[in-house]
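Novice: 3D model of this:
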Amino acid sequence: RRGAATTMTTAFEKRDAQIWLKLAVISFLAVAASIALGAYALSHVTVGSRTSIVICLLAGSVPVTVLLLARSIACTLRALTGEARNAFPAELADALEMVDAEQDVHEVVARAMQCIAADLPMEMLVADSSRAHLERACVHPVAGSPGCTVESPYGCAAVRRGAPVAFADSEALNACPRLRGRPEGPVCAVCVPVSFMGRSLGVVHAARPLSQPIAAQEAARLTTLGMQAGSRIGIVRAFRRTQTEASTDALTGLANRRMLDARLHDLTKSPQRYAFVLADLDHFKSLNDNHGHEAGDRALRVFGEVLQRCLRDTDLAARCGGEEFAFVIPEADAARAAEVVERVRAELAQSLLRANVPHYTASFGIADTDMTRDPAHLQRVADDALYRAKEQGRNRACLGDPQRVAPTVPRRATEHNAKIDLRMLAA
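Specialist: Prediction:
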């Protein structure tokens, strides 16, 4: 479609150039004839008449001059219009490349709507996570929304066809039924699908009364807007999904060890205090052996759900591996973390009564930045406290003691270089 439009524009420009060339030749011939006639008249008339003839010649050349000037102005305006038309896609692409969040993409689209037309109601509807419903993502900042009532992506004709659709009259037989019966009367409309790699994401919709038809340039820019918005939204979502998969434990939905380390690193660089808690499910190997790994997976998921319910949005819960979990509580000390742990233990007991999971408990080790600011040392303090909770009977929490754990881990004797007896190897 873009190639056909370009070919048509070029044909119109060639036709206009040919017409203006003919007019220029005729004007040149007329001027030459006027000059020749004037020269002949000047040599055969009296002095008084010569002045009148010169005035007539000058008056006759004025229309020609105006004609040529009009041609120059028209060419200039056409060039400026062409540059503006070609600049919109490039400027829109640059604006979209500068944003990395979907909400920011919506804001760029709203600003672009105003660039397309100041008085044309427009909106972009985007599918939710289920892809079953459309939600209004943004509208024209000034003209507002045209009020499309479509609820699902495939309820829109443009989405089903996978191509822009224009409706010259909402009362026409083949017009979209959602355009009929509007309070403002019959309307004209343009609908552009928003898609990414063949997958429908939404639709850009514009409509206004028949007395103000949508211009071809406006429709072309709407098509550009829908195409580029779909590409950027698709890329942003794909990148966000990749980031989530790289930082999330697939079984529990909690953060993984990589995300936990990054959060601890960020907190360590700031003066903010925080508490760190390690948790381990008690007798988990026996649960797996007696009830199967599927029951073990359910137990892990239940514990992850309990942590998500008991912690704040600013806290971070992570699965470190196997049956070991950790959570970080900013702006808290060990005493505050102990209260959170008791809430987790109580919620876990209640959840196991409702869930189809064998009964189990968890042990906890608690440390905070009042004990040490070094994240590696902090984790060892919490780990030592966790093992003390296990030794004291499990299903409890113990506070860390930094005096029990050295700031650095000494090398073990087995890690030291040893003398190799080649005779033993040969044997």
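
Novice: the helices in the stretch 101-250 of the chain, which residues?
Specialist: Counting by DSSP state H, counting those that start in this stretch, the stretch 101-250 of the chain has these helices, from start to end: 102-116, 157-161, 216-247.

Novice: Tell me how far the longest one lies from the chain's centre.
Specialist: Right, helix 216-247. With CA atoms, centre = their mean, to the nearest Å as the basis, the distance from the averaged C-alpha position of helix 216-247 to the chain average is 7 Å.

Novice: next SSE after it?
Specialist: Tracing the chain C-terminally past helix 216-247 and defining elements by DSSP states H and E, one meets helix 257-269 next.

Novice: contact partners of that following helix?
Specialist: 246-248, 255, 274, 276, 316, 318-321, 326, 328, 330, 373-375, 378 (CB atoms under 8 Å, 6 or more residues apart in numbering). Placement of C-beta: from N, CA and C, glycine included.

Novice: In this protein, what helix or strand scores lowest on average pLDDT?
Specialist: Here the helix or strand of the chain ranked lowest by mean pLDDT, DSSP states H and E is helix 2-42, holding a mean of 56.

Novice: Dead centre of the protein: give me the residue that sits there.
Specialist: Closest to where the C-alpha atoms of the chain average out (CA atoms, centre = their mean) is Glu102, at 2.7 Å.

Novice: okay, and for this structure, where does confidence drop off?
Specialist: When residues are selected by pLDDT under 70, those of the chain lie in 1-85, 129, 408-427.

Novice: show me where it has strands.
Specialist: The residue ranges that make up the strands of the chain, judged by DSSP state E, are 122-127, 134-139, 165-167, 187-196, 199-209, 274-281, 316-321, 324-330, 362-368, 397-399.

Novice: ok so, going back, now render the helices of the stretch 101-250 of the chain as CSV, adding distance to Phe284.
Specialist: As requested, these are exported to CSV (distance: least, CB to CB, whole Å):
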stretch, distance to Phe284
helix 102-116, 39
helix 157-161, 49
helix 216-247, 24
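
Novice: Out of the ones you listed, flag the one nearest Ala346.
Specialist: In this view, those are compared for proximity to Ala346 by CB to CB, and helix 216-247 is the closest at 29.1 Å.

Novice: tell me what that closest one is packed against?
Specialist: Packing contacts for helix 216-247, counted by 3 or more CB pairs under 8 Å, 6 or more residues apart in numbering; DSSP states H and E, involve helix 47-97, helix 102-116, strand 122-127, strand 187-196, strand 199-209, helix 257-269.

Novice: List the buried residues in that helix.
Specialist: In terms of neighbour count (16 or more other CB atoms under 10 Å), helix 216-247 has its buried residues at 218-236, 247.

Novice: try stretch 347-360
Specialist: Under the neighbour-count rule (16+ other CB under 10 Å), stretch 347-360 has 347-348, 352, 355, 357, 360 buried.

Novice: Just send those residues back as JSON lines, with distance to Ala132 too.
Specialist: Rendered in JSON lines, the data for these read as follows (distance: CB to CB, whole Å):
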{"residue": "Glu347", "distance to Ala132": "33"}
{"residue": "Leu348", "distance to Ala132": "34"}
{"residue": "Leu352", "distance to Ala132": "34"}
{"residue": "Ala355", "distance to Ala132": "29"}
{"residue": "Val357", "distance to Ala132": "31"}
{"residue": "Tyr360", "distance to Ala132": "38"}
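
Novice: Where helices are concerned, which of these count?
Specialist: Within those, membership in helices is found for 347-348, 352, as judged by DSSP state H.

Novice: Distance to Ser130 added to those, as CSV?
Specialist: Putting these into CSV (distance: CB to CB, whole Å) gives the following:
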residue, distance to Ser130
Glu347, 29
Leu348, 31
Leu352, 31
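
Novice: From these, pick the one nearest Asn395.
Specialist: For Asn395, the nearest member of those is Leu348. The distance, counting by CB to CB, is 9.9 Å.

Novice: give the contact list for the closest one.
Specialist: The neighbours of Leu348, taking CB under 8 Å, 6+ apart as the test, are 302-303, 306, 361-362.

Novice: So it versus Ile329, what's the distance?
Specialist: Leu348 sits 17 Å away from Ile329, taking CB to CB, to the nearest Å as the criterion.

Novice: One more: Ala229?
Specialist: Counting by CB to CB, the separation of Ala229 from Ile329 is 40 Å.

Novice: coming back round to it: tabulate the strands of the chain (TSV), appending mean neighbour count and distance to Glu91.
Specialist: Below are these laid out as TSV (neighbours: other CB atoms under 10 Å; distance: least, CB to CB, whole Å):
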stretch	mean neighbour count	distance to Glu91
strand 122-127	26	17
strand 134-139	20	18
strand 165-167	18	24
strand 187-196	24	18
strand 199-209	23	17
strand 274-281	25	45
strand 316-321	21	40
strand 324-330	22	42
strand 362-368	26	52
strand 397-399	21	58
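
Novice: Among the ones you listed, which comes closest to Glu107?
Specialist: With CB to CB as the measure, strand 134-139 is the member of the strands of the chain nearest Glu107 (7.0 Å).
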